[in-house]
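> Okay, sequence plus prediction incoming.
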Amino acid sequence: GMPVYRLLGGPCRPAVPCYAHASGRDISELTESIIRYREEGYSVVRCQLGSYGGGGFIPADQAKRPTNAWPTKVIFDEEAYLEAIPNMFEQLRGHFGPDAKFTHDVHEHLSPQGAVMLSKRLEPYRLFFLEDVLPPEQIAWFRSIRQQSTTPQAMGELFTSPHEWIPLIQERLIDYIRVRVSKGGGISACRKLAAFAEAHGVRTAWQEGGDN
């Protein structure tokens, strides 16, 4: 009959900040969505443009594809994405000013080189964090990102093993660990993860869905 936080030793802070997920088919719709969430009191808003994942998706008939390519309505184009997202944040900063806290989820769409480039290009817009800029199998590239960019990095949505998050935290290559509790081994395993992260100055931002 106890709440989990009691089992873990009791409350250690009066509140936990949460972010909202804003999206839109264009910058106008996205701006309206952000305004609604800010009016509700959210201090941090995740900003996604167009299809889920945000930007870089172009109509299939406009993409250069083989004549016998599998049918699909839209195609992800990395170059288009690398133009769309910095442009999106440039417009959002112009509208909301420097105090708004924004995040963005890449959904592991980018190549390692593209991840480095995006992190560098987003520096002027001072994101709260950039989420999942790389897939788990390419986490060694976070060293290159850290060497070249100050954009805060959040990673871990797809992690299932300590071998994935230990080097990122130990070498301080990320700023937020985003492990999903249901994938990371449950409450006990993630409590150990949180303690390990705290010792290295890495914050937690647990990734959970509506099914958890």
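Sure, I can see it. From a predicted model like this one, the values you see are computed outputs, not experimental measurements. Residues are numbered from 1 along each chain as shown.

> roughly how far apart are the closest residue to Trp141 other than its chain neighbours and Phe142?
Nearest residue to Trp141, sequence neighbours excluded (Cβ to Cβ, 6 or more residues apart in numbering): Pro112, at 4.1 Å. In short, each C-beta sits where N, CA and C put it, glycine included. Plainly put, Pro112 is 10 Å away from Phe142 if you go by Cβ to Cβ, to the nearest Å.

> circling back to that earlier point, just checking, the residue nearest to Trp141 touches Ser144?
Yes - assessed by Cβ atoms under 8 Å, Pro112 is found in contact with Ser144 at 7.5 Å.

> which ones are touching the residue nearest to the spatial centre of the chain?
Central residue of the chain (Cα atoms, centre = their mean): Glu131, 1.8 Å from the mean position. For Glu131, the contact set (Cβ atoms under 8 Å, 6 or more residues apart in numbering) comprises Arg46, Thr103, His104, Asp105, Val106, Ala154, Met155, Glu157, Arg178.

> Provide the backbone phi and psi angles at Gln48.
phi -130, psi 140 (degrees, to the nearest 10).

> wait, doesn't it sit right on Val106?
No - proximity of Gln48 to Val106 does not meet the contact threshold set by Cβ under 8 Å, at 10.0 Å.

> so where's the chain uncertain?
Within the chain, the segments meeting pLDDT under 70 span 51-54, 210-212.

> can you map out the strands along it?
Here the chain has its strands, by DSSP state E, at 19-24, 44-49, 57-59, 74-76, 101-105, 129-131, 153-155, 176-177, 203-204.

> okay, among the contacts of Glu131, which ones form the most distant pair?
Arg46 and Met155 (14.8 Å; Cβ to Cβ).

> what about those two, which has more around it?
Neighbours per residue, other Cβ atoms under 10 Å: of Arg46 and Met155, the larger number sits with Met155, 31 against 20.

> could you list every residue that touches the more buried one?
Met155 neighbours (Cβ under 8 Å, 6+ apart): Glu131, Asp132, Val133, Leu134, Ile139, Phe142, Trp165, Leu168, Ile174, Tyr176, Ile177, Arg178.

> by how many degrees do the longest helix that the chain contains and strand 19-24 diverge?
When the chain is parsed with DSSP state H, its longest helix is helix 78-96. Counting by axes from the mean of the first three to the mean of the last three Cα atoms, to 10 degrees, helix 78-96 lies at 110 degrees to strand 19-24.

> How about helix 78-96, which residues are buried there?
Ala80, Tyr81, Leu82, Ala84, Ile85, Pro86, Met88, Phe89, Leu92, Phe96 (16 or more other Cβ atoms under 10 Å).

> these two touch, right, the fourth one and Gly56?
By that I understand Ala84. Yes - assessed by Cβ under 8 Å, Ala84 is found in contact with Gly56 at 5.7 Å.
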